[in-house]
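[1] Below are the sequence and a predicted model; questions follow.
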Amino acid sequence: MAKKLFAVGNWKMYKTAREAAGYIEALTPLIEGSTVNVYLSVPFTSIAPACQAAKETPVVIGAQNMNDAREGAFTGEIAGLMLKEAGARFVLLGHSERRWIFNESPAFIHKKIMRALQDDIQPILCIGESLEQNQAGKTQEILEEQILSALEGIPEEEAKELILAYEPVWAIGTGKIPTVKQIQEVHAFSRNVLIELFGKKIAGDIPILYGGSVKPENIVEIVNELDVNGVLVGGASLDPEIFAQMIRSMEATVSQKRRKTVKKEKIQ
């Protein structure tokens, strides 16, 4: 059976509410009939209009961050229930820009994951190592620490809602990218950490995405890897035509594998 694929666009601090609606109107006909799960992580102010524009489409709208509290005196923050009421169905948590620029601690990220699950919002946990950590041979050590600190204590039933996204910090927006062999090795290692936490069956169903300078030119070879269930795309997702091109490339990969599977079954 062909694996389920995800294309998650992270707009970061780009696009106004009006631009968001126009983007979705442009994207929708370009991905019609696709079996790829298309997610857009938009700025807070664009969530409601983006959800309205995506109402009759397969596009899923989510947020880029949330607080770990249900409510309270936290100026400038936003709660999960507020996101849900606005229409958000998922949220990015632990993104490297939150960890490095805003100094979010592992304990804080863990609390956010727990809160998102309580508020019925699907969490996408972002993990990744810096260039210095990578060159020091600490990639696996760092990723294991990030996964365990964020996900320990989560009940198995709730773990089914998780998505993991590996983003090597040194590859984000730089044009640099690990080899596909390195990406597969990291994803396989991350899968094994998830197995330790939740068992083989549940961990096997948790999608693991790759992010970091993903482009139309390299997306096919990335998603062809066994433990890569899709991509988390930054800058390339800001153009609906480019993002649609990437989604169609992923779709072609799925269709090709499906045809090979059917052919193999007929031969047997």
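    Looks like it came in fine. Numbering: from 1, shown residues only.
[2] Leaving out chain neighbours, which residue sits closest to Gly235?
    Excluding its sequence neighbours, the residue lying closest to Gly235 (C-beta to C-beta, 6 or more residues apart in numbering) is Gly173, at 6.5 Å. All C-beta atoms are positioned from the backbone trio N, CA, C, and that covers glycine.
[3] check contacts around that neighbour.
    The contact partners of Gly173, by C-beta atoms under 8 Å, 6 or more residues apart in numbering, come to 213, 234-235.
[4] what are the ranges of the helices in this protein?
    For the chain, helices defined by DSSP state H occupy the ranges 17-27, 47-53, 80-86, 96-100, 106-118, 131-135, 139-151, 156-159, 180-198, 200-205, 219-223, 240-267.
[5] Quick one: mean pLDDT over the third one.
    Average pLDDT, helix 80-86: 98.
[6] which residues sit against that helix?
    44, 47-48, 51, 63, 66-67, 70-71, 91, 115-116, 118-121.
[7] Only whichever of those residues are buried, select them in PyMOL.
    Applying 16 or more other C-beta atoms under 10 Å to these leaves a buried subset, and the PyMOL line that selects it is:
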select buried, resi 47+48+51+63+66+67+91+115+116+119+121
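[8] And for the closest residue to Glu158 other than its chain neighbours, the neighbour number?
    In space, and not counting its chain neighbours, Glu158 is closest to Leu117: 4.8 Å by C-beta to C-beta, 6+ apart. Leu117 is flanked by 19 other residues according to other C-beta atoms under 10 Å.
[9] Then Phe90?
    21.
[10] Ala107 too?
    Ala107: 11 surrounding residues under other C-beta under 10 Å.
[11] contacting residues around the nearest residue to it once chain neighbours are set aside?
    Closest residue to Ala107 apart from its sequence neighbours, by C-beta to C-beta, 6+ apart: Ser149 at 7.2 Å. Contacts for Ser149 (C-beta under 8 Å, 6+ apart) come out as 106-107, 109-110.
[12] Same question for Glu19.
    By C-beta under 8 Å, 6+ apart, the contact list for Glu19 reads Ser46.
[13] do the one 5 residues further on as well
    Contacts for Ile24 were tallied using C-beta under 8 Å, 6+ apart; they are 40, 50, 53-54, 57, 59, 240.
[14] let's see it at 7 Å
    Applying C-beta atoms under 7 Å, 6 or more residues apart in numbering, we find Ile24 in contact with 50, 53-54, 57, 59.
[15] now do Val42
    When contacts are counted by C-beta under 7 Å, 6+ apart, Val42 touches 11, 15, 20, 50, 61.
[16] now, which of those sits nearest Tyr166?
    Among those, Trp11 lies closest to Tyr166 (C-beta to C-beta), at 19.7 Å.
[17] How about the closest one, nearest residue that isn't a chain neighbour?
    Closest to Trp11 by C-beta to C-beta, 6+ apart is Val42, at 5.3 Å.
[18] can you check Gly175 too?
    Ser213 (5.4 Å).
[19] what's the burial count for that neighbour?
    20.
[20] so where's the stretch 151-268 of the chain shaky on pLDDT?
    Under the criterion pLDDT under 70, the flagged ranges of the stretch 151-268 of the chain are 255-268.
[21] redo that, cut-off 50
    258, 260-267 (pLDDT under 50).
[22] just the helices of the chain: most buried one?
    Ranked by mean neighbour count, the helices of the chain are led by helix 47-53 with a mean of 21 (mean count of other C-beta atoms under 10 Å).
[23] how far out from the middle of the chain is it?
    Offset of helix 47-53 from its chain centre (C-alpha atoms, centre = their mean, to the nearest Å): 19 Å.
[24] same check, this time on stretch 26-43
    14 Å.
[25] Same check on stretch 129-145?
    20 Å.
[26] Could I get the average pLDDT for it?
    Looking at stretch 129-145 alone, the average pLDDT works out to 95.
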